[in-house]
Every structure is written in structure tokens, then in C-alpha cells.
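A.B. asks: Coordinates only, no sequence provided:
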């Protein structure tokens with residue numbers, strides 16, 4: 001069975017390590033998973049006053065996530081937490097109250113950073129929000145990609161075989177998780 005995964009990357013940087021990790025994961029993923037990147041950089045800051053005439057970007061984001069079977073979050077770590085742009089996307093998707101596009105969707109979190117602990121703080125901080133959003137989140141394997149800047153060549157291709165194998169294992173576990181938890 002084919003499953004659509006909404007991919008939300010918390011880094012807007014053109015040369016984002018998290019985007020590269022997701023691209024490498026997609027290359028190793030089972031054939032039944034279809035990944036669709038969901039843009040978050042254009043989302044106006046969440047302000048409940050705007051709900052009456054929600055910005056078009058909010059509607060687009062909500063529709064794209066709502067149409068997916070599951071969500072993959074990829075996040076760098078900013079000050080031991082997630083980037084503001086990712087938190088904003090979560091706020092936009094979870095509102096109006098009681099109409100969250102995230103509710104019940106299987107999720108997975110992967111974090112990558114230049115540091116040795118691979119975005120551990122951001123990964124776990126994000127998981128707190130996902131618990132509140134009622135998203136069954138893949139527990140194992142945990143995915144913290146440290147020293148990510150050393151894993152890719154100049155063209156952005158993953159050159160580390162151990163990481164490639166890990167991403168294949170993670171993608172397979174996520175596929176199983178989706179089937180177990182999809183509505």
C-alpha cells in the first residue's frame with residue numbers, strides 16, 4: 001500500500017543539513033512511501049485574529065498536511081529547541097482549536113546538526129508538542145545525526161555508509177509504524 005508522508009523541515013537554509021538528511025532517507029526508503037515536502041518558510045506568524053480570513057499560505061499548509069497519511073519532521077537545534085519557523089508551522093496546523101491537521105497522524109522525528117549530539121534537545125522538545133497534538137510518534141530507532149556536515153560530498157550526496165544503512169533502517173521502521181498507526 002502506498003502512503004504519503006508530509007515532510008516538514010525546520011531549516012530554511014538553502015544548504016540545510018536536515019534537508020540533505022531527508023533527501024538521503026528518501027533514497028533509502030521502501031518503495032511504498034511517497035514523500036512530499038511541505039513549505040513552511042512562507043507561513044505568516046500565527047495570530048488567532050487572522051483565523052476569520054486565514055492567509056492563503058495557512059490554508060495551503062493545512063491542506064497539504066491534512067491530505068498526508070503521516071508526517072516526518074526534520075529539525076536542526078536552535079538553543080536546545082526547535083527553530084521558530086517550525087514552531088510556527090505547528091501552531092498554524094494545530095489551529096483553530098479542535099481542527100488540528102496533525103491529530104492522530106503517525107509521525108517521526110529526525111534531527112541533524114554539526115554538533116556531536118545531533119540535535120537531541122530539539123528532537124525531544126519537538127516530541128513534547130507532538131504528544132499534545134495526539135501524533136503517535138516513532139520511538140525506535142531514535143534519529144540524531146551528529147557531525148552531519150561531514151557526511152555529504154560537495155554535491156550534497158550522502159557518502160557515509162553507516163549513516164546510509166541507519167537511514168534505511170529508520171525509513172523501514174517508520175513504514176511499519178505508519179501501517180500500525182494510520183487511520
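C.D. replies: It's in. All values reported here derive from a predicted model rather than from experimental measurement.
A.B. asks: which element is residue 15 on?
C.D. replies: For residue 15, there is no helix or strand it lies in under DSSP states H and E.
A.B. asks: Residue 43 now?
C.D. replies: Judged by DSSP H and E, residue 43 forms part of no helix or strand.
A.B. asks: okay, it: pLDDT?
C.D. replies: Looking at residue 43, its pLDDT reads 98.
A.B. asks: and the nearest residue to residue 64 once chain neighbours are set aside, how many neighbours does it have?
C.D. replies: Once flanking residues are discounted, residue 64 sits nearest to residue 38: 4.7 Å by C-beta to C-beta, 6 or more residues apart in numbering. Every C-beta, even on glycine, is put in place using the N, C-alpha and C of the backbone. Residues lying near residue 38 (other C-beta atoms under 10 Å) number 22.
A.B. asks: Also the one 3 residues further on?
C.D. replies: By other C-beta under 10 Å, 11 other residues sit near residue 41.
A.B. asks: for the nearest residue to it once chain neighbours are set aside, helix, strand, or coil?
C.D. replies: Leaving out its chain neighbours, the residue that sits closest to residue 41 by C-beta to C-beta, 6+ apart is residue 12, at 4.5 Å. Assigned with DSSP: H, G, I helix; E, B strand; the rest coil, residue 12 falls in the coil class.
A.B. asks: With residue 73 instead?
C.D. replies: Following three-state DSSP, we place residue 73 in the strand state.
A.B. asks: pretty sure it is touching residue 108, no?
C.D. replies: Yes - at 7.2 Å, residue 73 counts as touching residue 108 under the criterion of C-beta atoms under 8 Å.
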